[in-house]
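Colleague: structure of the sequence below:
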Amino acid sequence: MLVISLYIYAFLSEFLLIYPVYTLLFTDTGITVAETSSLFVIWSLTGMLLEIPSGAWADTVSRRLLLVLGPLLAGLGFAAWIVFPSYWAFALGFVLWGAYEALVSGAYEALAYEELERRGQAHRYATVMGRATSVSLVATASAIGLAVPVFAAGGYPAIGVATVLACVLCAVTAMTLPEHRARGAAGEGRYLAILREGIAQTRADRGVLRAVLVVAFVTAIWGALEEYVPFLAAEAGVAQTTIPLLILLVWVGATAGGLLAGPAERLPARAYAVLIALAAVAMGAGAVSGHVAGFVPIAVAFGAFQLAGVLADVRLQGRITGPARATVTSVAGLGTNVVTLAVYTAYGAASPYASHGVTFALLLLPYVLVTLLIATT
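Modeller: Residues are numbered from 1 along each chain as shown. As a prediction, the model looks like this:
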């Protein structure tokens, strides 16, 4: 029941039909590009500010409770968008969406790892989380595909109802997740003590710190570059009607990468570093090729990076000790957010001076440092 519930939760958390149309909603409401950008900033800052505090809360109170509460907050925000479409309603929705992401981040991984460990199945964590990430990608693709007919049939109200329903069902699914935590750990782990312990473990344990850094960089760079794939396709001369097919190809690659996490769990550190290096080379080569065929190595690279991201989390969970597991995982989540924002900023700064292909290749260079960090661990 644990694994099935984790998969259902992963699917419903990304099955948001409003995602592919919310910028259209903003435009129809009269929101300007500058105002939309400010909403994205609010979204990002909310998640960053709440990431570590929510992780400590999950360790102190209940991880399952946060997994229930998170989707409900997001659903409330999405409902506000539909019922009261305005800048301030959108801002409130992004605050609640950011809070949801922060509440779930860390709590989901910590609950999954410790429940599997309690069953003597910690070795399955890589397989389970790899499949969960693939399920999430399938959910996103399904939501995008379904949004078109639902929007055509019922407009924004129908999209809103479907999205809120998915959030409610996600919260209900969280209620079915088992959580067996020692009372002593919860009682002794008062909030500030847990917060200090999680941060201290990250700073004092070099193995944990390196694992946190690897998670942040491996996950964030390719994840941020994914947003620019349509621009890369357009630059290669691909017709607008064909671009979605290339995006689908990239998603298929990422989905396959997640499914390979179980068999690849025991990769030695140097082989793992080589995997990341080869993925960076493949993506860089495909990006600068300026040809539609370049999307084949890009898709393969996305799969490798998805696999590397899951394995990075697996290695981090294996190093964490004590009751502050969600807190430490949230530190990695904060690092991921910071690196993601840095990539967005760098991409925007480079765009007037370099092509999308060159920009892709340049922003993959930090992976050289990541491979060195892993290889010397």
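Colleague: for the longest helix anywhere in the chain, packing partners?
Modeller: Counting residues, the longest helix in the chain under DSSP state H turns out to be helix 125-175. Packed against helix 125-175 by the contact rule (3 or more CB pairs under 8 Å, 6 or more residues apart in numbering; DSSP states H and E) you find helix 2-14, helix 63-83, helix 107-118, helix 243-259, helix 295-319. For the C-beta atoms, the positions are set from N, CA and C on the backbone; glycine is no exception.
Colleague: hmm, Tyr113 and Val128 touching each other?
Modeller: No. Look at Val128 against Tyr113 with CB atoms under 8 Å: they stay out of range, at 9.2 Å.
Colleague: who touches both of those two?
Modeller: Residues touching both Val128 and Tyr113 by CB atoms under 8 Å, 6 or more residues apart in numbering: none at all.
Colleague: next one: Ala271 from Ile374, what distance?
Modeller: 10 Å (CB to CB, to the nearest Å).
Colleague: equivalent analysis for Gly318, please.
Modeller: 14 Å.
Colleague: these two - which one has more neighbours?
Modeller: The residue with more neighbours, out of Gly318 and Ile374, is Ile374; 25 against 15, by other CB atoms under 10 Å.
Colleague: which residue, other than its chain neighbours, is closest to that one?
Modeller: In this structure, Ile374 finds its nearest non-sequential neighbour in Ala273, 4.2 Å apart by CB to CB, 6 or more residues apart in numbering.
Colleague: name the helices or strands packed onto the helix or strand containing Arg210?
Modeller: Using DSSP states H and E, Arg210 falls within helix 206-225. Contacts defined by 3+ CB pairs under 8 Å, 6+ apart place helix 206-225 against helix 191-204, helix 269-288, helix 295-319, helix 325-350, helix 356-363, helix 366-375.
Colleague: how about 7 Å then?
Modeller: Here helix 206-225 touches helix 191-204, helix 295-319, helix 325-350, helix 356-363, helix 366-375, going by 3 or more CB pairs under 7 Å, 6 or more residues apart in numbering; DSSP states H and E.
Colleague: contacting residues around that helix?
Modeller: 201-203, 276, 302, 305, 308-309, 312-313, 315-316, 319-320, 328, 331-332, 335-336, 339-340, 343-344, 360, 363-364, 366-367, 370, 373-374, 377 (CB atoms under 7 Å, 6 or more residues apart in numbering).
Colleague: drop anything exposed from these.
Modeller: Buried subset of these (neighbour count, 16 or more other CB atoms under 10 Å): 201-202, 276, 302, 305, 308-309, 312-313, 315-316, 319-320, 328, 331-332, 335-336, 339-340, 343-344, 360, 363-364, 366-367, 370, 373-374.
Colleague: ok, Ile374 - contacts?
Modeller: Taking CB under 7 Å, 6+ apart as the test, what Ile374 contacts is Val214, Ala269, Tyr272, Ala273.
Colleague: domain assignment for the chain?
Modeller: 2-181, 191-375 (automatic domain parsing).
Colleague: could I get those domains as TSV with mean pLDDT?
Modeller: TSV is the format used below for those (pLDDT from 0 to 100):
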stretch	mean pLDDT
domain 2-181	91
domain 191-375	88
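Colleague: what residues of stretch 4-24 count as buried?
Modeller: Buried, per 16+ other CB under 10 Å, within stretch 4-24: 5-22.
Colleague: and stretch 190-200, by the same measure?
Modeller: In terms of neighbour count (16+ other CB under 10 Å), stretch 190-200 has its buried residues at Ile194, Leu195, Glu197, Gly198, Ile199.
Colleague: now do that stretch: distance to the chain's middle.
Modeller: Remark: stretch 190-200 is offset 24 Å from the chain centroid, using CA atoms, centre = their mean, to the nearest Å.
Colleague: just use 57 as the starting number from now, easier for me
Modeller: Happy to do that; since the first residue is 57 now, the last one works out to stretch 246-256.
Colleague: just the CA coordinates of that stretch, formatted as CSV?
Modeller: Taking C-alpha atoms only, stretch 246-256 is exported to CSV below (Å, rounded to 0.1, in the frame of the first residue of the first chain):
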residue,chain,number,x,y,z
ARG,A,246,11.1,20.2,19.3
TYR,A,247,11.1,22.5,16.4
LEU,A,248,14.1,24.7,17.0
ALA,A,249,16.2,21.7,18.2
ILE,A,250,15.3,19.7,15.0
LEU,A,251,16.1,22.8,12.9
ARG,A,252,19.5,23.2,14.5
GLU,A,253,20.3,19.5,14.2
GLY,A,254,19.4,19.4,10.5
ILE,A,255,21.5,22.5,9.7
ALA,A,256,24.3,21.3,11.9
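Colleague: what's in contact with it?
Modeller: Taking CB under 7 Å, 6+ apart as the rule, stretch 246-256 contacts Gly111, Ala112, Trp113, Asp115, Thr116, Gly378, Pro379, Ala380, Thr383, Val384, Val387.
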